[in-house]
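**Student:** Here's a sequence, model it:
(2 chains)
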Amino acid sequence: MAEKNSKGDDASVEALPDKQPTESKGKAKLTAQVMPNPQVLAALQDRLDSIPQPPPGYILALPKAVKRRVKALKQLQVKCAHIEAKFYEEVHELERKYAALYQPYFEKRRDITTGNVEPTDEECEWHSDKEEEGELAEEMKKKAAIDEKKEESEQDENPKGIPEFWVTIFKNVDMLSELVEDHDEPILKHLQDVRVKFSEPNEPMSFTLEFHFEPNDYFTNSVLTKTYKMKSEPDETDPFSFEGPEIVDFVGCTIDWKKGKNVTVKNIKKKQKHKGRGTVRIITKQVPNDSFFNFFNPVKVSGHGEEEMDEDSEFNLATDFEIGHFFRERIVPRAVLYFTGEAIDDDEDYEVEEGEEGEEEDDDEEEEGDDDDAEIDPKINYSSTMPLGLFSFHNP
Amino acid sequence: MGCSAGHPTPGKVLLLKMADIDNKEQTESDQKEDVEDVEDIEEEDASEDSKARQLTVQMMQNPRILAALQERLDGLVGNPSGYIESLPKIVKKRVNALKNLQVKCAHIEAKFYEEVHELQRKYAALYQPLFDQRCDIINAALEPTEEECKWQGDEEEELSDEMKEKVKVEEEKKDEEKDKPKGIPEFWLTVFKNVDLLSDMVQEHDEPILKHLKDLKVKFSDPGQPMSFTLEFKFEPNEYFTNEVVTKTYKMRSEPDESDPFSFDGPEIMECTGCHIDWKKGKNITMKTIKKKQKHKGRGTVRTVTKTVPNDSFFNFFSPPEVPENGEMDEDCEAILTADFEIGHFLHERVVPRAVLYFTGEAIEDDDDDYDEEGEEADDEQEGEEEADEENDPDYDPKTEAEMLLLMSTGGRCLNDG
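**Tutor:** Residues are numbered from 1 along each chain as shown, chains lettered A, B, ... in the order given. The predicted structure is shown next:
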């Protein structure tokens, strides 16, 4: 048999074609790709994850009696997976219960940011974070002092609430800021609140993001919604990949744009040359335009989204799920910390349990265009709800 | 400094660069770009220059703490604190009001996690019968029925004929051996060897001892007690020590830290305690004797002294360093404990619940992704058009590829393994 050598050396790769001549063409091609290019090895590795692999050598070499018992253990493991599914359903119940407990605080937050309610002086007491102040350069502080005095002396309109609270959050969070175009900003200034609603006990598991807007020039809706549907049972064909509920689909909403205000489309002029006559005409076409508000476009996900999807779609879906998850888990619960920037440091800890560590860095990848991991499974599970015992070592 | 709206935070650019070190395929122009960005930021703010540089040095030496340092970098540069400082006073007041609300939310969150812990305790009782059955099968206390051993999608069907032959020969050979294997021999030892986090700790002299490991269990703290969990390692009688059970307890903090309430992200392991192992005479492999030659300074005579010093061993896991009261700890100690907490967490969350998948190797791919962050990032970024070609390639045969990669890798382990 060929040697086992993980560096992709000639001996192990070339041995195969000799033994199976009918498949040599495919193998040779694959070999040619694999050998010079470690990138492809990594890509193949990811592909390996999604196809059933033959067991490792020592498993194959086990006596038959022992193999039987290993299979019995696997059956037990499937039963465990089903118990785990029930566990996550109960966690979801718990989240629903606590969402109700957080609600008064989030409502107060909305009242303060919109200026409907003015907090008392006592409610505004905050021990100034000496650490943060220390990190600011002296000039920074002086500048801030000057700005403040200018604001106060100019007696400008007394700012109501916390202006541009949500749009600032969007700009601070890379995952979101990349979606926000210049023409979106004036619209997002009207965003008053973002809320999470959980599915009811007897419904299929899902959560909905509600974006509440004040009356504005752009659209008539007062709420834009996006609902993420989840699967919370192990996949019968692959029970061991179950890691908790996964987002598998979403439903957007229709935005009732006012005339001429739809930023998700743009008109372009195209020159067309008649093939026969050679005459040129200019036509105006409406094409999709980049905009945050495409977030609400309804998109159909076929089945589990694994078949017949091109790289780009799959990648966009994965990113979309990630955003939905991020809103629910981090932004809505901790909005003020994203406004001040304090939470942004913590986001690097944010785990995506499907093992797609690459997704954390997708924010950078998007800049580079084609660096997509086509194997990103668009389903994101949210068992990172329970980062129990994260290994951060506490240093008082 | 200032807001980084729509611009990649320089810290993240640095992360790209760090990942590049592992990957020589990165085009030079990209590297240059990365380098320039980083240098610019470092010049921008002189007062934080040395701090950033120190961190950079650490990062470059130890990719394992890359992620943790990344957040620190992000905190130093390109964060919105400048924007906040420039807000009108009245708005800042309201922001502080929101922060006070946030602290209250953190306390509610703590209660949430307590209830999750309750739920975990409840479900631990539901899993236990299945884990007990597992233990019985592994230790030959129970023989599963034919029905219980059915497993669809027999992986062996996916093998080439030649490999099937070889497997059959091995099976028959082993069946003929006089001692029919009982249960699943060396189950837990194999699990440990398959998990990088653990196998790093397992020395050769530990293996004969670990062969006697019968079961690994997780016990939760009772309601009303401070939150903790205990790993119980059950050993069959052996010649090394007399303990039947060797334990490790991890204590957790489940309340926000008053001085830093926003860092609260759920229960955290804060400290751990091991247990005393009653080694039989001459069998303590956590110590070794070494001979040292000493020269008398005055007389010049040489003598040989026998010293007992600590020895690398998995069983040091049960004598972790203590967390001093004042929290001051040297770097080595901190590193040991951080790794220790990681192991405890991993055993608790992954290994015990899914042991068979670590035995067969099926689970290992997933978990390496969790822990091999640096390697994965570098690889993920490099995927490009080659992917598309393979998908559309009519000659592409996944089975073939799997076999080939199986041969190329060591025992089915992740290709990215160092």
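
**Student:** Any stretches of the chain with poor pLDDT?
**Tutor:** I'll assume chain A. A:1-54, A:128-157, A:299-315, A:345-396 (pLDDT under 70).

**Student:** Chain B, not that one
**Tutor:** For chain B, the stretches with pLDDT under 70 are B:1-50, B:52, B:55-56, B:58-60, B:63-80, B:153-159, B:170-179, B:327, B:365-418.

**Student:** hmm, try it at 90
**Tutor:** Across chain B, the ranges flagged by pLDDT under 90 are B:1-86, B:147, B:150-182, B:196, B:223-224, B:254, B:257-265, B:292-303, B:321-336, B:362-418.

**Student:** just the strands in it please.
**Tutor:** B:213-220, B:228-235, B:245-253, B:268-273, B:287-295, B:302-310 (DSSP state E).

**Student:** Chain A too?
**Tutor:** With DSSP E as the criterion, chain A has strands spanning A:191-198, A:206-213, A:223-231, A:246-251, A:265-273, A:280-288, A:380-381.

**Student:** what's the most buried one of those strands?
**Tutor:** Of all those, strand A:380-381 has the most neighbours on average by mean count of other CB atoms under 10 Å in any protein chain shown, namely a mean of 26. Placement of C-beta: from N, CA and C, glycine included.

**Student:** State the number of residues packed around the residue of the stretch 151-300 of chain A found nearest chain B.
**Tutor:** Residue nearest to chain B within the stretch 151-300 of chain A (CB to the nearest CB): A:K171, separated by 3.9 Å. Using other CB atoms under 10 Å in any protein chain shown, the number of residues around A:K171 comes to 21.

**Student:** Quick one: the strands of chain A as a markdown table, columns for distance to chain B too.
**Tutor:** What follows is these, written out as a markdown table (distance: least, CB to the nearest CB, whole Å):
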| stretch | distance to chain B |
| --- | --- |
| strand A:191-198 | 13 |
| strand A:206-213 | 16 |
| strand A:223-231 | 18 |
| strand A:246-251 | 14 |
| strand A:265-273 | 19 |
| strand A:280-288 | 20 |
| strand A:380-381 | 12 |
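
**Student:** Just send the ones you listed back as a markdown table, with distance to B:V103 too.
**Tutor:** Compiled in a markdown table, those are given as follows (distance: least, CB to CB, whole Å):
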| stretch | distance to B:V103 |
| --- | --- |
| strand A:191-198 | 20 |
| strand A:206-213 | 24 |
| strand A:223-231 | 29 |
| strand A:246-251 | 30 |
| strand A:265-273 | 44 |
| strand A:280-288 | 43 |
| strand A:380-381 | 29 |
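
**Student:** Spit out the contact partners of B:S199.
**Tutor:** Contact partners of B:S199, counting by CB atoms under 8 Å, 6 or more residues apart in numbering or on different chains, are B:F192, B:K193.

**Student:** Adding distance to B:N316 and mean neighbour count as columns, could you present the strands of chain B in a markdown table?
**Tutor:** Shown next, in a markdown table, are the strands of chain B (distance: least, CB to CB, whole Å; neighbours: other CB atoms under 10 Å in any protein chain shown):
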| stretch | distance to B:N316 | mean neighbour count |
| --- | --- | --- |
| strand B:213-220 | 16 | 19 |
| strand B:228-235 | 14 | 21 |
| strand B:245-253 | 11 | 19 |
| strand B:268-273 | 13 | 22 |
| strand B:287-295 | 10 | 10 |
| strand B:302-310 | 7 | 9 |
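
**Student:** any chance you could map the helices in the stretch 101-250 of chain A?
**Tutor:** Using DSSP state H, counting those that start in this stretch, the helices of the stretch 101-250 of chain A run over A:130-135, A:138-154, A:165-172, A:174-177, A:185-188.

**Student:** Just the buried positions in the third one, please.
**Tutor:** By neighbour count with 16 or more other CB atoms under 10 Å in any protein chain shown, helix A:165-172 contains the buried residues A:F165, A:W166, A:V167, A:T168, A:I169, A:F170, A:K171, A:N172.
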